[in-house]
Each structure stands twice: as C-alpha cells, then as structure tokens.
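**Student:** Take a look and give me a structure for this.
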Amino acid sequence: MISRISIAVSLLLVIAPAAYPGEKVLVGSVLDVRSGELTDSGVVVIADERITCVGETEECEWPEEAEVHDYDDAVLMPGLIDTHVHLRAGFAPAFLAAGVTSVRDATSPLPEMQAARERTYAPRLQISGPMLDSSSSMLFMIGATGETPEEADLEEVEFLVTDSAEDAEEAVDMLAEAGVDWIKIHNRIPRVALDAAVERARDHEIPVMMDLGMVASLGLMESEVDIVAGAESGARSNEHLSGLALAYQAREGDPLPEDLDDSLINEISAELAEHDQAIVPTLALQMQLRDPEALRRSEFPAQAVLEEGMAGHMAGLAGMRERMADFVAADAHLAESVMERLLDEDVLIAAGSDSPAGLYVYPGVGLHMELEALVRAGMLPARAVRAATVDAAKLLGEDDIGLLESGAHADVLVLSCDPSRDVGCVSEIESVYFSGEKLDREKVVERIELDQDK
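**Tutor:** Alright, predicted model coming up:
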C-alpha cells in the first residue's frame, strides 16, 4: 500500500515506399541520447508501432500517403523510463501524461500489476511482486503482511519471510512461476538468504534489485547486508544507495555527521564499480525529504489531479519527515557525497523516482524531479538524459526502448528545447507518442483514478 510501504547511436535504414498502414513521419531535431548529439534536419519514420528509420531527411523514405508531422526546430527524443516506482493501476496514466513510457515496479501486489497491464493508458511495465525479507522485518512495524513461502498467497501477501537459503530459493521459485521480471530484496534479509536468492534467480534468468536500508529506514539496526556485500552477491541493482550508511559504519565511520571521511567514500565507490553494481539512487526522494521545496515540480496536466488525490498520503510523508529529520539529512548527505565518485568510476546509474513514496514526488512528474536531482549531484545534463533512457533500458535488459533507432518501440517525446544542454527541457513537452500514436494528454489525465485507501 502506498501509504504504508514507501513505497538507445541511431541506425540509419532506407526503406521502400508503401508497406504499412498508418505510417507516420516526425520531422525535427533528433537527439541521439547515447552521444548527446542533435541531427538538425532529422526524421523519425514510424510504422506498425515501431520505428523504421531515423536520420536526416534524405536518408529515409516514406510513402506519399504517410502522415507527416513537421515540428520544425523542436527536439525529438525517446520516451522516458522510470526504473523505480510503486505503481497502482489507477494512476498509471499519469506516467504517460508526463512522457514516461516505461516503468519498473519495485514491489506492488500482483493483482494490481495485472490491472495496470490491462489499462488503456499505462506505460510498459516490468514487475517484481512481493519482496523478500526476514522474520525481523521492519515492515511488520508498519502493518505490512509477511509470511513464509510455505504459508504465503502471492496475490495477498506484501512480502515473503526468508530467513534461510531454503526459504529464499522457494520464494524465488514461486515468484518466477508467477511471471515476475525482478526479484526484490529488503533490508533485514540474512546474507545466506540473499546469496541463495540471487543464485536461484540467476537459474531463472531473473535479475535482483535490493533495498538494503538507509539511516531513516532503520538500516543501521538488525541489518547484516550492506551496499558492498549486496554488490558482491551478484544482485543487479541497488535502490536508493541503500546499505551505504551500513557500509560506512562497518569501516568505522560515523554516517551521521556532515563531515564524512573521503577515503571511506572512495573505498566503497571503488568496490561497487569493481562488482559492476548498477545504482538507482532515487535522489529526489532523499532531497525532498530533507527539504520539501528542494526540487521544481513541473506543471504537467496531471499535477492538480495528483495533488488532490494524494493529499492524505503526502501529509503522512510530511509527518514522517519531521520525526526523522536528522536521519533523513544524513541519508541525503551520504548519497550526495558518493555520487561524484560513482560518476568518476562510470558506474551504471539509472533514473528512478520511487514515486509516489517521496514527498511530493508524484507519478510521472517524479522522474523529472529525479533528473534535476541527478544534475545537482554532478551529472552532466546529457548523462542524466541517458540515465532515464538508454542507461535505464540497459538496466532493464531491453534493447528496443529508451532510444530512437530502427526496430525500437515508437515512443517519442517532442520537446521545445535540447535536454542534453539543459535537463529542465525534458519537462518542456509539446507532444507524446506512445507506440506510434500521438496521445491527447488531457484525455489521458481523465483516465486517472485515485483511491487514497490504496
């Protein structure tokens, strides 16, 4: 429940005329998100929901009857990818309205995920289902339901209690059978259970993501797996830079003061790079908890609807922030301190908002806030754009989203300026194309259904 669990270089092809009904041609400045370079007189040709040609106008052909949309100097870029959300079917349309065309859910009820996939307006979706944690999970403290794999009904339980290797293996088998795309690990899982879960997930060819706890989520209490140990296990991604405070403390550092030991930060960063650990830092979540007005909330069509419908949920987050201000500040400071080193180490960093678990980090708009947060933390705008497109797609193991290339899904944003120079331009959306169809964003917003009890 939202209120309880805080929650690709262009390939140029010349195609023959004719072929496909409903062919579209988008004309404008085409952004190569890998290089950050613009093709000023560019086109994106679309047929059958896929891109068939990208390049300069003379390099692509299309039939006379094709539907041509000339956007002049506007920038064409791929649809955005949010790699950490807690999705509900009711607010799924809000992502599309904000240009977020693909998401990875980081633990939500399986029936809710099925409902989201059946929505008329919903982004492409990867799911994880109930997470794995221990019998001492802090989730029990907030009323979440957790049961052992032997006892659990996957359609109802919120997490699976896995204190042993055997429990972890059984839990992964159950989730694999249920068709999840990811296994999610939570912060008090024993190391033996984590290692067993990662190994069994590898057998099923399912990647693992980890939330190993932060200072504010009691990640220094009863947790035995820190961010480095998680990387050593072979898990694919670390969420929130979780387990960072625990790793810092294990090296005899105090994670609470503002003056941190650079040598320890450097040591931890180098070890993460050595183990090829992908990071989804969710910096907007941390910045907003430290200062609710830290980041700009773009005025998208869905904003007013979301603010009204999630008022109670956000009030609860505000109250939590006030009670844990010092811990929240420590987490944000640690995250910001390590980000520069991770960028220097060229660690794969993917953009994820954790919406709507962050204070005022609403679905859709939250990813735009995360891009601003990444730039504030030292990312160049072009790399931040990569983090929400091609690098995010790499994390998700997808090669047909997050880029404008022949064969990719025809998810295209039309922007009024170049986001590789100013990341705020990602919010300057003129049009959104999803699977080749231009969305009426106002109608998409009308499909949002919010229930504060969920």
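**Student:** I'd say Val30 and Leu404 touch.
**Tutor:** Yes. With the criterion set as Cβ atoms under 8 Å, Val30 and Leu404 qualify as a contacting pair; they are 6.2 Å apart. C-beta here means a position set from N, CA and C on the backbone, and glycine is covered the same way.
**Student:** Compare the two and say which one has the larger neighbour count.
**Tutor:** Between Val30 and Leu404, Leu404 has the larger neighbour count (other Cβ atoms under 10 Å), namely 28 against 23.
**Student:** That one: what's it in contact with?
**Tutor:** Listed by Cβ atoms under 8 Å, 6 or more residues apart in numbering, the contact partners of Leu404 are Ser10, Val30, Leu31, Asp32, Val33, Val44, Ile51, Val54, Leu76, Met77, Pro78, Val412.
**Student:** what's the helix or strand harbouring Leu367 in contact with?
**Tutor:** When elements are defined using DSSP states H and E, Leu367 is found to belong to helix 365-376. The set of residues that contact helix 365-376 without belonging to it, under Cβ under 8 Å, 6+ apart, is 80, 82, 85, 94, 98, 100, 281-284, 287-288, 294-298, 300, 302-303, 306, 349, 351-356, 358, 361, 381, 383-385, 387-388, 423-424, 426-427.
**Student:** which helix is the longest one in the chain?
**Tutor:** If you go by DSSP state H, the chain has its longest helix at helix 325-344.
**Student:** Touching that one from outside, list them.
**Tutor:** With contacts defined as Cβ under 8 Å, 6+ apart, helix 325-344 is touched by 214-216, 240-241, 244-245, 248, 255-256, 258, 260, 265-266, 268-270, 272-273, 279, 281, 283, 286-287, 289-290, 321, 349, 377-379, 383.
**Student:** and the angle for it with helix 365-376?
**Tutor:** In terms of direction (axes from the mean of the first three to the mean of the last three Cα atoms, to 10 degrees), helix 325-344 departs from helix 365-376 by 70 degrees.
**Student:** Can you go through the contacts of Leu404 and name the buried ones?
**Tutor:** Members of the contacts of Leu404 that pass the buried threshold by neighbour count (16 or more other Cβ atoms under 10 Å) are listed as Ser10, Val30, Leu31, Asp32, Val33, Val44, Ile51, Val54, Leu76, Met77, Pro78, Val412.
**Student:** Nearest to Gly143 among those residues?
**Tutor:** Distance to Gly143 across these (Cβ to Cβ) is lowest for Pro78, with 39.6 Å.
**Student:** Gly402 is in contact with the closest one, correct?
**Tutor:** Yes. Because the distance of 5.3 Å satisfies Cβ under 8 Å, Pro78 is recorded as touching Gly402.
**Student:** In the protein, where is pLDDT below threshold?
**Tutor:** 1-22, 451-454 (pLDDT under 70).
**Student:** how does it divide into domains?
**Tutor:** Domain assignment for the chain by automatic domain parsing gives 24-78+404-446, 80-396.
**Student:** What segments of the stretch 1-150 of the chain are helices?
**Tutor:** Counting by DSSP state H, counting those that start in this stretch, residue ranges of the helices within the stretch 1-150 of the chain are 92-97, 110-117.
**Student:** Including mean neighbour count and distance to Met210, could those go into JSON lines?
**Tutor:** Supplementary listing: those in JSON lines, determined by neighbours: other Cβ atoms under 10 Å; distance: least, Cβ to Cβ, whole Å:
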{"stretch": "helix 92-97", "mean neighbour count": "28", "distance to Met210": "24"}
{"stretch": "helix 110-117", "mean neighbour count": "17", "distance to Met210": "20"}
